[in-house]
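**Q** Got a predicted model here, sequence first, then my questions.
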Amino acid sequence: MGRWEPNARGRLAEAALALYAEQGFEKTTVTEIAEAAGLTERTFFRHFADKREVLFYGTEMALDMLTRAVEEAPASASPMDAVEAALESFAAFFQEDPERVRRRDAVVSASTELRERELVKLDAFAAAMVGALRERGTPEPTAYLAAEAGIAAFKVAYAQWIAAEPGKTGRTGEQELPRLVRKALTELQELLADRASV
């Protein structure tokens, strides 16, 4: 296929996700991904550095989204309020295509290499929020605690959201991820308040 194929990146990402789900990340080759997308290996490498990047290529956009949300929080917002606003906007982005997010999560969860990469990504998200909080004048220990606590709450909410079977109701069934993030952060604050009152 030609060099200027429309939406080549999206086609490659969809082909990769389908192949990873079908035959596993480790067994899938770049050649197979390119062929399934109707493109060439050269086109693949113009869009992605390697086959892992197909699953992580939105990281820069996510870092920008989190940073901007913290920066744009009202001046009166506490560090945790700014982190909550950032994580809720991030969660809303995930909510736009829950089926794709769940398919991606299944692929990542099945691979030790990808799970490690996911942890590195989450660490980068925390670091981005720390930087944005520091720019707002938040002292360093507080900025780190707020960002890391926020990521921990996000991980809990995300796991609940992923585990909820689509189309079913129940404890977490059909709940939106932003609401679950808010709930996890509230539970964290209650947990810390309980400890402070002891």
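**A** Now that the structure is in, tell me what you want to look at.
**Q** Tell me how many other residues crowd the closest residue to E135 other than its chain neighbours.
**A** In this structure, E135 finds its nearest non-sequential neighbour in E71, 6.7 Å apart by C-beta to C-beta, 6 or more residues apart in numbering. To be clear about C-beta, it is placed using only N, CA and C from the backbone, and glycine gets the same treatment. By other C-beta atoms under 10 Å, the residues close to E71 number 14.
**Q** In this structure E71 contacts R134, no?
**A** No. Applying C-beta atoms under 8 Å as the test, E71 and R134 come out as separate, 11.0 Å apart.
**Q** what sits in contact with each of those two?
**A** By C-beta atoms under 8 Å, 6 or more residues apart in numbering, E71 and R134 have no common neighbours.
**Q** Could you check how far the host helix or strand of L55 is from the centre of its chain?
**A** Assessed by DSSP states H and E, L55 sits inside helix 53-56. The chain centre lies 11 Å from the centre of helix 53-56; the measure is C-alpha atoms, centre = their mean, to the nearest Å.
**Q** same thing with stretch 17-37?
**A** Distance of stretch 17-37 from its chain centroid, counting by C-alpha atoms, centre = their mean, is 22 Å.
**Q** wait, what's in contact with T138?
**A** Counting by C-beta under 8 Å, 6+ apart, T138 makes contact with 79, 146.
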